[in-house]
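A.B. asks: My questions concern the predicted model and sequence given below.
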Amino acid sequence: MEGRADYTARSLPTPPTPTSRPRAVAVPRLSRRNGIDSPLPWKQAPIAAPSMPGPSRKFLHHLLADTPPLSAAERTRSALAALAGLLVVSAILAIVPLDPAARVLVAPVGATAVILFSLPHSPLGQPWPVAGGLLLSAAVGLACGRWISPAWLAPPVAVALSVWAMNALRCLHPPGGALALALAVAPGAGGAGLAAVAMNVGAVLVAVFLVNNLVPGRRYPQGVPATVADPLPPPERAGVEHEDLRYALARMDSFLDISEEDLVRVYNLALGHAFERHVTLTCGEIMTAPPVCVEFGTGLQEAWRILRANHVKALPVVDRARRVIGLLTLEDFLRHVAPGPGGMADQLRAFLRPSGVTHSGKPETVGQLMTGNPVTARTADGIGKVAALLAARGHQQAIPVVDAAGRIAGILSQTDLLILLYQRRATGLASPQAA
């Protein structure tokens, strides 16, 4: 069928092999004190040595920031992006046909570059905070420098007013405070100072659009949807949702330097890792094996009979080497059957009936009806990521499981996960009685 030429099965990324099988299955509350058992690249040992006295360790813990260190590759990307971005800004300011006083590189743009190219996902570095924060702070700084006397009072008032205004207009940008301070101390630039800030803002936004969208794994602005879908979409049926996060942030009444989208992603990654850490079973241990399969040339009547006889909703489609090339589901049949005068049953029988001609306007075999390029899992994969896929709304109903050679070994469905949860629940309830 059109649009289904690629039948190469996609595989889930291989998860880290668990080193132990914990007996308890309850997920502990994650806290900063006891740490997070995480495979993420920023996991590290506590900063303070165990031999240090208690007060010293507490002082060091509060003194040093617990910001996760970046990998060497990300540090290099950030530095090169900042270099390229400021080169673009300097080039724009050099070629713009304006007064030389309006083409000066403003010092706070250096701090802006740190946010834009080292923290591209930060809400502080999005277009409105950058433009609004810098321009608003510049106007406030110039006004305070000119109209407030004595002169020593103008800088602190300028910074305070710029902070209040940026928060009120939701364009908080820390370099704006530095800009307000600088212009309050030296307000003589006047209109030329505002023009220079405006040119710098325009140049830095052009630079960040060009550079950050060329760096792999980044996009700017953050509100633009990613062009590549997440291969492991988070479950949509339960758990923390955007409304819950908005409620929690409103209750905290404090600014967090993380976007709501990234906060949801952090939560889902932590939840998935906690599941994998406490439920160490693999796909090969809980899959249905051997699976009932069909081939590309299997007729639709035969495939429908196999679905009904085995009480399943999906069948892996394999080639002669037993490699997965597609997935045939109940929805694939129903998608081609529309209610008619004779009812759904008559329409389905007419659809399944072979046309008897060499060229037909409707699908005749499984290969013409199946969904190609299905997601597959390996027998050694943990069930955490497969569970997230099966729980996601709109995703495929079953996951074919392949062995090390890439041949079909079994299939996982929502039913298999429900049986697993029931067995673990029953075991947990029976354990106290057995003791």
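C.D. replies: Yep, that arrived. Numbers count the residues shown, from 1 in each chain.
A.B. asks: Residue 298 touches residue 363, doesn't it?
C.D. replies: No: counting by Cβ atoms under 8 Å, residue 298 stays clear of residue 363, with 11.7 Å between them. C-beta coordinates here come from the backbone N, C-alpha and C atoms, glycine included.
A.B. asks: out of these two, which sits in the busier spot?
C.D. replies: Neighbours around residue 298 and residue 363, counted as other Cβ atoms under 10 Å, are more numerous at residue 298. The numbers are 19 against 16.
A.B. asks: For residue 89, see how far away that one is.
C.D. replies: 62 Å (Cβ to Cβ, to the nearest Å).
A.B. asks: Check residue 167 too.
C.D. replies: 27 Å.
A.B. asks: Compare neighbour counts for the two and give me the winner.
C.D. replies: Under the criterion of other Cβ under 10 Å, the comparison of residue 167 against residue 89 puts residue 89 first, with 24 against 11.
A.B. asks: can you pull the contacts of that one?
C.D. replies: 105, 109, 200, 203-204, 207 (Cβ atoms under 8 Å, 6 or more residues apart in numbering).
A.B. asks: Can you get me a residue count around the closest residue to it other than its chain neighbours?
C.D. replies: Spatial nearest neighbour of residue 89, chain neighbours left out: residue 203 (4.4 Å); criterion: Cβ to Cβ, 6 or more residues apart in numbering. A count of nearby residues for residue 203, using other Cβ under 10 Å, gives 23.
A.B. asks: again, but for residue 290
C.D. replies: For residue 290, using other Cβ under 10 Å, the count is 10.
A.B. asks: For the host helix or strand of residue 426, give the mean pLDDT please.
C.D. replies: Using DSSP states H and E, residue 426 sits in helix 414-434. The average pLDDT for helix 414-434 rounds to 67.
A.B. asks: Likewise for stretch 210-230?
C.D. replies: 72.
A.B. asks: same question, stretch 345-355
C.D. replies: 80.
A.B. asks: Buried residues of it, list them for me.
C.D. replies: Neighbour counts over stretch 345-355 (16 or more other Cβ atoms under 10 Å) mark 347, 351-352 as buried.
A.B. asks: In helices only, show me the residues you listed.
C.D. replies: 347, 351-352 (DSSP state H).
A.B. asks: if we take those, which one ends up nearest to residue 304?
C.D. replies: The nearest member of those to residue 304, counting by Cβ to Cβ, is residue 352 at 5.6 Å.
A.B. asks: What count of nearby residues applies to residue 358?
C.D. replies: Residue 358: 6 neighbours (other Cβ under 10 Å).
A.B. asks: Save the ones in helices among the buried residues of stretch 345-355 as a markdown table, and put in distance to residue 136 too.
C.D. replies: Listed next are those as a markdown table, based on distance: Cβ to Cβ, whole Å:
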| residue | distance to residue 136 |
| --- | --- |
| 347 | 64 |
| 351 | 64 |
| 352 | 67 |
